[in-house]
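Engineer: Turn this into a structure:
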Amino acid sequence: MSSDPTPPGTGHLRVREDRGRTVLELHGEIDIAAAVEIIPHLDALTGRPGARIVIDLRHVEFFDCSGLRLLHRARHRVLDRGGELRLVCTHPLTLRVLKVTGLSRLLPPAPSLDAALEQPEATSGTL
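Structural biologist: Model (predicted):
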């Protein structure tokens with residue numbers, strides 16, 4: 001497993017490779033200000049054909065509609081390019097937001113990074 005430094009311009013995102021997947025670990029409060037910092041990095045990583053991405057929300061303290069838009073954007077971009085997107089989420093309030101908005105059906109959250117990395121197939125669900 002290799003670690004990459006936090007991308008320049010954001011303290012809210014750490015990117016690393018793990019078991020053949022690119023892990024985007026979000027940190028802190030994911031609001032509109034954080035989303036503006038994250039989007040260029042998210043777009044670069046999700047714009048690759050066949051990208052295999054895991055978004056890890058375990059270190060997120062606050063998650064609003066800007067975070068939901070980031071997840072939806074990432075899912076759309078990855079699936080349009082024949083890739084895979086997986087999600088890790090354990091925070092009860094964030095899980096509730098994902099469920100209430102229906103995003104948990106499109107992007108079922110795994111309970112741990114290991115669980116997300118070990119899933120044999122894409123986990124992007126359907127409505």
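Engineer: Identify all contacting residues around the longest strand seen in the chain.
Structural biologist: The strand spanning the most residues in the chain, taking DSSP state E as the definition, is strand 52-63. The contact list for strand 52-63, computed with CB atoms under 8 Å, 6 or more residues apart in numbering, reads 18, 20-31, 45-46, 67, 71, 74, 78, 83-91, 93-94, 97, 109, 113, 116-117. Backbone N, C-alpha and C define where each C-beta goes, glycine included.
Engineer: Sheet partners, orientation included, of it?
Structural biologist: Each strand that pairs with strand 52-63, with its direction, by DSSP bridges: strand 21-30 (parallel), strand 84-88 (parallel).
Engineer: so the most centrally placed residue in the chain bridges to which residues?
Structural biologist: The centre of the chain sits closest to Ile55, judged by CA atoms, centre = their mean, with a distance of 2.3 Å. Beta-bridge partners for Ile55, by DSSP bridges, are Leu24, Leu87.
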